[in-house]
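Chemist: Here is my input, please return the structure:
(4 chains)
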Protein chains: 2
Amino acid sequence: MPPATIYDIAREAGVSSSTVARVLRGDTKGDRKDSAERAARIRQIADNLGYRPNLRARAFSVQRTKGVGLLYTDDTWVFEGVNDKVLQGLVRELRKHDHHLLLVPVDVGGDWEELLLGGHVDGCVTFQPLPDPVRNGIRAAALPCVMLGDNSDPEMPHIVVDDVTGSYSATRHLIALGHRRIGLYVHSTVKPHCSIQERFQGFETAMTEEGLEPNFWHCPEDEMIAVLTRGGARPTGLICYSDLESTLIGHAMWQYGLKIPSDLSLIGFNDKFATKYMTPPLTTVGFDANRIGMLGAEMIIRSLTGENSKGTPAPTSLQVKTQLIVRSSTAAPPRDA
Amino acid sequence: MPPATIYDIAREAGVSSSTVARVLRGDTKGDRKDSAERAARIRQIADNLGYRPNLRARAFSVQRTKGVGLLYTDDTWVFEGVNDKVLQGLVRELRKHDHHLLLVPVDVGGDWEELLLGGHVDGCVTFQPLPDPVRNGIRAAALPCVMLGDNSDPEMPHIVVDDVTGSYSATRHLIALGHRRIGLYVHSTVKPHCSIQERFQGFETAMTEEGLEPNFWHCPEDEMIAVLTRGGARPTGLICYSDLESTLIGHAMWQYGLKIPSDLSLIGFNDKFATKYMTPPLTTVGFDANRIGMLGAEMIIRSLTGENSKGTPAPTSLQVKTQLIVRSSTAAPPRDA
DNA sequence: AAAATTGTTGACACCGGTGGCAAATTACGT
DNA sequence: ACGTAATTTGCCACCGGTGTCAACAATTTT
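Modeler: Numbers count the residues shown, from 1 in each chain, chains lettered A, B, ... in the order given. The predicted structure follows:
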């Protein structure tokens, strides 16, 4: 038995399909109040028939799906790190507003253009800087879009972490502990991203404030390790682009028989779950990743439902604050250094 | 300017909309071959107009969306652990078959029933045992469904990890190293799940083969730690339900000044990325999580496209093999134990 | 009591594809 | 050249909602 439609209900109830539609939709537009008795009977019949609105038909009719696409390039391990929490916040908030999320990797088989521009989503959210064709396609189609953790396109609204302050405070922390030779390390597999410069900026500011030299590495881990394990003027403190680098470096130090924090102070970024349980527990720069997703959801929803008319001009950019979480991977530098 | 439709193209080309539709769709059904010249011209016009098929209209017409819903309860941190990789495999494979994935948490605001049963998805995949109402709804609607990593409903097709063999081989490994007092530990926050029993079964089999007692704990970590740090007949080897437990226990041992593996041999499960970099690197039971997602996608696609007719009866259940990854968290038990 | 006003209901066009079937065109055999 | 078959094309109903507008009923005003 095919699912019941409003027409089935209308026939059964002896009313028109419009009436059924209005009742079931609870349409109060034009302050109509379908006579309560009729309405109740219609609802009753709908219930008996197990009626469910056909979302495909509705989407076709209203020209909207209430779907939001999450765009990402899948060439890296996307949901590793903090993105899982961003994702969680995003989905939850979307669901609260009766929207849903589609996962759309733009770099694997399957035609992202068709999916995105064919109207299966009303808007989109991005996780990383997108390939140019994708960005152009979105712009050409005027598809509402919010960028998460990335402001590579100044014309698009975005929600980012306050990377500058985050790395500034991490650097300050090391300086306060007495470190003078501090490095900033980004793994070579990290793709170009606005946050790299911002991290450097915060780092550089803090260092130059003290007349210290901001040393920056963007290389494979073995090169970094070589620098850290050589004698002489090696860095005594290292600020990593993410907890991943910290994990790699921490592990290498352990293998070399060097101790953290006595031989090297190490700071991560992201405060992913496991950092608390590293040996030693990692000092890291944390932030509310869930909130990024939540704010992103709110922002895209607002631009979809056009609720920016009521006074508050829609913010086009938001920043999430960071917080330095001091644990045991940072300490004063060795005396002989 | 509203997007072009097949009617716009038809008018421009002076043909009927059916012809346009057939050409653009490359319809070869009934082995028609629209005259090449016309076809080329139609395609040309479609291109100029920037035509894109309206997927909402198509979905409405063919009564399918090519969407698959991923159902999960969001009360735990879902995409932590290995699920991110399962997700990756799932999405990639779905995209290859021109389908897409919707994220549907069934325990947060927003009406999962409407979304699922209203026809916005053609089928679904689950991550965990679902709440009963959800399962009943799916069954009542006869929505195709594949369960991932969970066989709690024998009537539904599923793809699981070979938990029995996995924990059997972990146990065997410890026995081979000389351990006699071996425990199996599941954290108290782990919700009831078929895999718990299967893990125990593999564990128990190996232990009883050697006449050893299979001790099982399902408790908060501090209780487990208390057992491990007390004197006397404490376990010398511990097999954990997941890498999470291993992380917790390993960390606690470190805090107590106890050494792994000399004081305790520790084995995890899942081989998540970070285990390789733990101190010491964790011996763990790994498997191809990506493959679970991939197989799940294949299976659901098959049941959606009805391709089970050609000879091969659709498998209703698949198992993914495990592999013991021996690293440095396991060794012979202390001599005095 | 008739007119004006308000509230409620039904008819119908529309969204943009799909696919069955009939009509038109072309190809082919005699 | 003509009839028949094969292929190509066009017509149109259909999918199930939404929303506008006109018709109608109920209520209030004069």
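
Chemist: which residues touch the residue in the stretch 151-300 of chain A positioned nearest to DNA strand C?
Modeler: Of the residues in the stretch 151-300 of chain A, the one nearest DNA strand C is A:Ile300, at a distance of 22.7 Å by Cβ to the nearest atom of the strand. For the C-beta atoms, the positions are set from N, CA and C on the backbone; glycine is no exception. By Cβ atoms under 8 Å, 6 or more residues apart in numbering or on different chains, A:Ile300 lies in contact with A:68, A:123-125, A:144-146.

Chemist: now those as TSV including pLDDT?
Modeler: Converted to TSV, the contacts of A:Ile300 look like this (pLDDT from 0 to 100):
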residue	pLDDT
A:Val68	98
A:Gly123	97
A:Cys124	97
A:Val125	97
A:Pro144	96
A:Cys145	96
A:Val146	97
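
Chemist: Let's see which of those end up in strands.
Modeler: Counting by DSSP state E, the contacts of A:Ile300 place A:68, A:123-125, A:145-146 in strands.

Chemist: and whichever residue of the stretch 201-337 of chain A sits closest to DNA strand D, how many neighbours does it have?
Modeler: Scanning the stretch 201-337 of chain A for the residue nearest DNA strand D gives A:Thr305, at 12.7 Å (criterion: Cβ to the nearest atom of the strand). A count of nearby residues for A:Thr305, using other Cβ atoms under 10 Å in any protein chain shown, gives 13.

Chemist: now swap in A:Asp47 and tell me
Modeler: The number of residues packed around A:Asp47, counting by other Cβ under 10 Å, is 10.

Chemist: so it is in which element?
Modeler: With elements taken from DSSP states H and E, the one containing A:Asp47 is helix A:36-48.

Chemist: What lies in contact with the helix or strand where A:Ser195 lies?
Modeler: Secondary structure assigned from DSSP H and E places A:Ser195 in helix A:194-209. With Cβ under 8 Å, 6+ apart as the contact definition, helix A:194-209 has outside contacts at A:129, A:149-152, A:160-161, A:163-172, A:175, A:182, A:184, A:186, A:190, A:213-214, A:216, A:218, A:239, A:241, A:269.

Chemist: And the helices in the stretch 1-150 of chain A?
Modeler: Assigned helices in the stretch 1-150 of chain A, in chain order: A:6-13, A:17-25, A:36-48, A:55-62, A:83-96, A:112-117, A:132-140 (criterion: DSSP state H, counting those that start in this stretch).

Chemist: Quick check: the residue lying closest to A:Ile325 once chain neighbours are set aside vs A:Leu266, distance?
Modeler: Counting by Cβ to Cβ, 6 or more residues apart in numbering or on different chains, A:Ile325 lies nearest to A:Gly286, which is 4.8 Å off, once chain neighbours are set aside. Computed as Cβ to Cβ, to the nearest Å, the A:Gly286 to A:Leu266 distance reads 15 Å.

Chemist: of the two, who's got more company?
Modeler: The residue with more neighbours, out of A:Gly286 and A:Leu266 and counting by other Cβ under 10 Å, is A:Leu266; that gives 28 against 19.

Chemist: Show me which residues of the stretch 101-250 of chain A sit near chain B.
Modeler: Within the stretch 101-250 of chain A, the positions near chain B by Cβ under 8 Å from any Cβ of the partner chain are A:101-105, A:108-111, A:113-115, A:117-120, A:247-248, A:250.

Chemist: what about burial for the residues you listed, which qualify?
Modeler: For those, burial is judged from neighbour counts taken by 16 or more other Cβ atoms under 10 Å in any protein chain shown, and it is met by A:101-105, A:108, A:110, A:115, A:117-120, A:247-248, A:250.

Chemist: what two of those residues have the greatest distance between them?
Modeler: For those, the farthest-apart pair by Cβ to Cβ is A:Gly119 and A:Gly250; their separation is 48.1 Å.

Chemist: so which of the ones in strands among the contacts of A:Ile300 comes closest to A:Glu80?
Modeler: Each of the ones in strands among the contacts of A:Ile300 was checked against A:Glu80 using Cβ to Cβ; the closest is A:Val125, at 18.3 Å.

Chemist: which residues sit in contact with that closest one?
Modeler: Under the criterion of Cβ under 8 Å, 6+ apart, the contact list for A:Val125 reads A:68-71, A:90, A:145-148, A:296-297, A:300.

Chemist: How about the secondary structure of A:Tyr185?
Modeler: Going by DSSP: H, G, I helix; E, B strand; the rest coil, the secondary structure assigned to A:Tyr185 is strand.

Chemist: Skip the chain neighbours and tell me the closest residue to A:Trp163.
Modeler: Careful, residue A:163 is Asp and not Trp. A:Glu198 (3.8 Å).

Chemist: Same question for A:Asp8.
Modeler: For A:Asp8, ignoring the flanking residues on the chain, the nearest one in space by Cβ to Cβ, 6+ apart is A:Leu49 at 6.1 Å.

Chemist: these two touch, right, that neighbour and A:Ala4?
Modeler: Yes - contact between A:Leu49 and A:Ala4 holds when scored by Cβ atoms under 8 Å: they sit 3.8 Å apart.

Chemist: Can you list the strands that the helix or strand where A:Val160 lies pairs with?
Modeler: Using DSSP H and E, A:Val160 maps to strand A:158-161. Looking at strand A:158-161 with DSSP bridges, its paired strands and their directions are strand A:145-148 (parallel), strand A:317-320 (parallel).

Chemist: Alpha carbons of that strand, as PDB, please.
Modeler: Output for strand A:158-161, consisting of C-alpha atoms alone and laid out as PDB, is shown next (Å, rounded to 0.1, in the frame of the first residue of the first chain):
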ATOM      1  CA  HIS A 158      33.200  32.600   8.200                       C
ATOM      2  CA  ILE A 159      33.800  31.400  11.700                       C
ATOM      3  CA  VAL A 160      37.400  31.000  12.800                       C
ATOM      4  CA  VAL A 161      39.500  30.400  15.800                       C
END
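
Chemist: Go through that strand and flag the buried ones.
Modeler: A:158-161.

Chemist: quick one: contacts of it?
Modeler: Taking contacts as Cβ under 8 Å, 6+ apart, the residues outside strand A:158-161 that touch it are A:146-151, A:194-195, A:287, A:292, A:295-296, A:299, A:316-320, A:322.

Chemist: what's the distance between that strand and the middle of its chain?
Modeler: On the basis of Cα atoms, centre = their mean, to the nearest Å, strand A:158-161 is displaced by 8 Å from the centre of the chain it belongs to.

Chemist: next structured bit after that strand?
Modeler: For strand A:158-161, the succeeding helix or strand toward the C-terminus, using DSSP H and E, is helix A:163-176.

Chemist: okay, that next one in CSV with CA atoms only?
Modeler: As requested, the backbone C-alpha atoms of helix A:163-176 are provided in CSV (Å, rounded to 0.1, in the frame of the first residue of the first chain):
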residue,chain,number,x,y,z
ASP,A,163,44.6,31.8,16.1
VAL,A,164,46.6,35.0,16.7
THR,A,165,45.8,35.3,20.3
GLY,A,166,46.0,31.6,20.8
SER,A,167,49.6,31.4,19.6
TYR,A,168,50.4,34.7,21.3
SER,A,169,49.4,33.3,24.7
ALA,A,170,51.2,30.1,24.1
THR,A,171,54.4,32.0,23.3
ARG,A,172,53.9,34.3,26.3
HIS,A,173,53.6,31.2,28.5
LEU,A,174,56.9,29.9,27.4
ILE,A,175,58.6,33.3,27.7
ALA,A,176,57.2,33.6,31.2
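
Chemist: Can you name every helix or strand that that helix contacts?
Modeler: strand A:182-187, helix A:194-209, strand A:237-240, strand A:265-269, strand A:283-287, strand A:322-325 (3 or more Cβ pairs under 8 Å, 6 or more residues apart in numbering or on different chains; DSSP states H and E).

Chemist: Could you list the buried residues of it?
Modeler: A:163-175.

Chemist: Of these, which is the nearest to B:Ser18?
Modeler: Nearest to B:Ser18 among these: A:Asp163, at 55.5 Å, using Cβ to Cβ.
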